Each structure stands twice: as structure tokens, then as C-alpha cells.
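Peer 1: With the sequence up front, the predicted model follows.
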Amino acid sequence: MDKLEEFVQKLKEDERNRSYTERGILPVFQSSPSARILIIGQAPGKKVEETGIPFNDKSGERLMEWLGISRDTFYSEDIAIMPMDFYYPGKAKTGDLPPRAFIAKEYHKALRSMMPNIQLTVLIGGYAVRYYLKGKEKKNLTETVKAFHDYLPQYFPIVHPSPLNNIWLRKNPWFEEDVVPELQKRVRNILEK
């Protein structure tokens, strides 16, 4: 068994993931030793859980646009996807439940160590930003995203591409005018090397 198979086996055997394993649900992520861009999102939604393909939904379509890449490139070995939770955490009153904290704490480092060529980590949304910027973020997610230059070249914080963020996007046109083109430029520079 290789390292990645061992990693998946450990996740499946973790008591806290038992309800998923018993239903035949596999952890959702995308990893490759040759990946150069790492995307850290929130957690799979219900549709993604059903297909087992990360960002296989409306959020993913928008994210691919923001990154300036095709679906084929997004699901290639150049791109890794490591959500804050590898499983759908369930429904809340509004939206989904937050990702379970133990996944990032106990599993991210091991998975990340299998991807030695990462040149840029895109942090999507508040959970990923707070965890990975650990106190270096600004007073809120909007201000952190606005100050994305402060976290380069390692991290690039962005908002979640969910349709639930349409109102935020309308109120903050600078994001798609200024931030998205810079993100696309950096992604293009890495992938074209």
C-alpha cells in the first residue's frame, strides 16, 4: 500500500468518520505528487458527496472561472484540492454545517507532505483563512481578501465561490475587477512553467 492509500485507509477507519464509511462514502479530495497549486476549501456539499468529485457543482464552475482554467486542467495532476473536511458535514438551518475541526488538525499535514511541488495555496472562505493564516488575517474575511498581497507568494485568500455569495460579490465589485485577474495571472504563471 502506498502513502496515499494508507492515508485514505486511516480516514476510513477513523471512528469519527464511521457513519460515512458504513454508507460507502469515500473522503473527497484531490492529490498528486506533481500538483503545483493547492486549493483549500470548506467541505464537500451534498452534490459533491454524491459524485465524489471535488467542486463538482455551481461553486466549482465559478471557481474554475476565477482561476482562469478549464475543467480538464482543474481535475488534472497540476491541481490539488484539500477541503477543511473531507466529508459533507450535513445541513444547518442556513447552508451547511461547518467543517469538523479535527480533519484539518489531524490530517492536513500528512496529505500536504505528499505534495512537495506546491507553489501557491488558494484559501477559500473563512474556515481555511482562519486556520492557515492563524492570527495574520485582517478584521474580517472581506478585509483579508482585499489584502491578498500580504499573504503572497504562499497563500492567496479568496471568498467562497458559492451562489450564496452573489450579494457579497455585487457589493464588492473590486473582487472580480482586481483580485480575480491577479489570481488568474498567478495561476497561469505557475501552470505555464
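Peer 2: Structure's in. What do you need?

Peer 1: wait, isn't I81 in contact with Q30?
Peer 2: Yes: I81 is within contact range of Q30, at 4.1 Å (criterion: CB atoms under 8 Å). (Each C-beta comes from the backbone N, C-alpha and C, glycine too.)

Peer 1: Which residues does the least confident helix or strand in the chain by mean pLDDT contact?
Peer 2: Sorting the helices and strands of the chain by mean pLDDT, DSSP states H and E puts helix 46-51 at the bottom, at a mean of 90. Residues from elsewhere that reach helix 46-51 (CB atoms under 8 Å, 6 or more residues apart in numbering): I25, V28, P54, F55, N56, D57, G60, Y87, Y88, K91, D96.

Peer 1: do stretch 9-29 as well
Peer 2: Contacts for stretch 9-29 (CB under 8 Å, 6+ apart): 1, 8, 44, 48-49, 52-54, 80-83, 86-88, 100, 102, 107, 111.

Peer 1: Show only the entries of the residues you listed found in helices.
Peer 2: V8, V48, E49, F102, L111 (DSSP state H).

Peer 1: Any idea how many residues pack against the third one?
Peer 2: Right, E49. For E49, the tally of surrounding residues (other CB atoms under 10 Å) stands at 19.

Peer 1: Also the last one?
Peer 2: Other residues near L111 come to 21 when the count uses other CB under 10 Å.

Peer 1: One more: P173?
Peer 2: Neighbour tally, P173, other CB under 10 Å: 9.

Peer 1: swap in A128?
Peer 2: There are 25 residues near A128, going by other CB under 10 Å.

Peer 1: So what pairs up with the closest residue to it other than its chain neighbours in the strands?
Peer 2: Counting by CB to CB, 6 or more residues apart in numbering, I40 is the residue found nearest to A128 once chain neighbours are left out, at 4.4 Å. Note on I40: beta-bridge partners by DSSP bridges are L123.

Peer 1: do you know how far I40 is from K139?
Peer 2: 21 Å (CB to CB, to the nearest Å).

Peer 1: With neighbour numbers in mind, choose between these two.
Peer 2: Neighbours per residue (other CB under 10 Å) separate I40 from K139, with I40 holding more: 24 against 7.

Peer 1: didn't that one look like it was pressed against V122?
Peer 2: Yes: applying CB under 8 Å, one finds I40 in contact with V122, separated by 7.0 Å.

Peer 1: buried ones in stretch 92-109?
Peer 2: D96, P99, R100, I103, A104, Y107, H108 (16 or more other CB atoms under 10 Å).
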